[in-house]
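Trainee: this is a predicted model, with the sequence first.
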Amino acid sequence: MEEMTLRTTIQVAQLSELSETDRQLIDMAIEGTNRSYAPYSHFHVGAALMLKNGKMFIGCNQENAAFPAGLCAERSAIFAAGAQYPEEPVVTLAITARNSKGELIDEPASPCGTCRQVIIETETRFKQPVRILLYGRKHTYVINGIKELMPLSFTEF
Ligand code: THU
């Protein structure tokens, strides 16, 4: 039997190393954490994305007493943008969160499996990678496409 090793490459950046646009998206994701509705988990996730036409959208998690009815921050941003500009590719998506004490997380939080699948769909649909910025107070992970986080993914067939 052969063994196959899959590699993931992530850049670890300080804010000063990022472009003004990336920093703006991170600020908007932080603003998303303030708008999040998370009375059950108390984990306030914010996301912000930029479309190819330069328009930016904020997303945040929306919880519900009937748990599966809620939505993650990433998908709330992607679906809001898709509803307004259905033909525009998503270029960059920033994500961060605030913990139950209201503090921004130190280490970046990574999108859940379902959000990864939706990001894969976005990349497939627009035939271009979605750059992902995962912001934590210590550092930001810069990821050049969801495939780095989800190899061997299921896409259109
Ligand atoms: N959550 C997100 O918004 N994004 C993710 O990628 C992971 C989890 C939300 C869902 C729920 O409201 C809370 O975080 C705790 O799981």
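Mentor: Arrived safely, thanks for sending. Fair warning: this is a prediction, and the values are worked out from it, not measured in the lab.

Trainee: ok, and the closest non-adjacent residue to L51?
Mentor: In this structure, L51 finds its nearest non-sequential neighbour in E88, 4.1 Å apart by Cβ to Cβ, 6 or more residues apart in numbering. All C-beta atoms are positioned from the backbone trio N, CA, C, and that covers glycine.

Trainee: that neighbour belongs to a helix?
Mentor: No - counting by DSSP: H, G, I helix; E, B strand; the rest coil, one finds E88 to be coil, located in no helix.

Trainee: what parts of this structure come near the ligand?
Mentor: 38, 41, 43, 45, 61, 63, 70, 72-74, 111-112, 115 (Cβ under 6 Å from any ligand atom).

Trainee: again, only using 8 Å
Mentor: With Cβ under 8 Å from any ligand atom as the criterion, the chain meets the ligand at residues 36, 38, 40-41, 43-45, 47, 60-63, 70-76, 95, 97, 109-112, 114-115.

Trainee: tell me where this protein is predicted with low confidence.
Mentor: Low-confidence regions of the chain, defined here as pLDDT under 70, do not occur.

Trainee: about what we covered before: mind giving me the PyMOL command for buried ones among the residues of the chain next to the ligand?
Mentor: Of the residues of the chain next to the ligand, the buried ones can be selected in PyMOL as follows, counting by 16 or more other Cβ atoms under 10 Å:
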select buried, resi 36+38+43+44+45+47+60+61+62+63+70+71+72+73+74+75+76+95+97+109+111+115
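
Trainee: mind listing which of the residues of the chain next to the ligand are in helices?
Mentor: Members of the residues of the chain next to the ligand lying in helices (criterion: DSSP state H): 73-76, 114-115.

Trainee: can you add distance to E123 and give those residues back as TSV?
Mentor: As requested, those are exported to TSV (distance: Cβ to Cβ, whole Å):
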residue	distance to E123
A73	18
E74	13
R75	14
S76	18
T114	15
C115	13
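
Trainee: with adjacent residues omitted, what lies nearest to I132?
Mentor: If you skip the residues right next to it in sequence, I132 has I143 as its closest partner in space, 4.2 Å away by Cβ to Cβ, 6+ apart.
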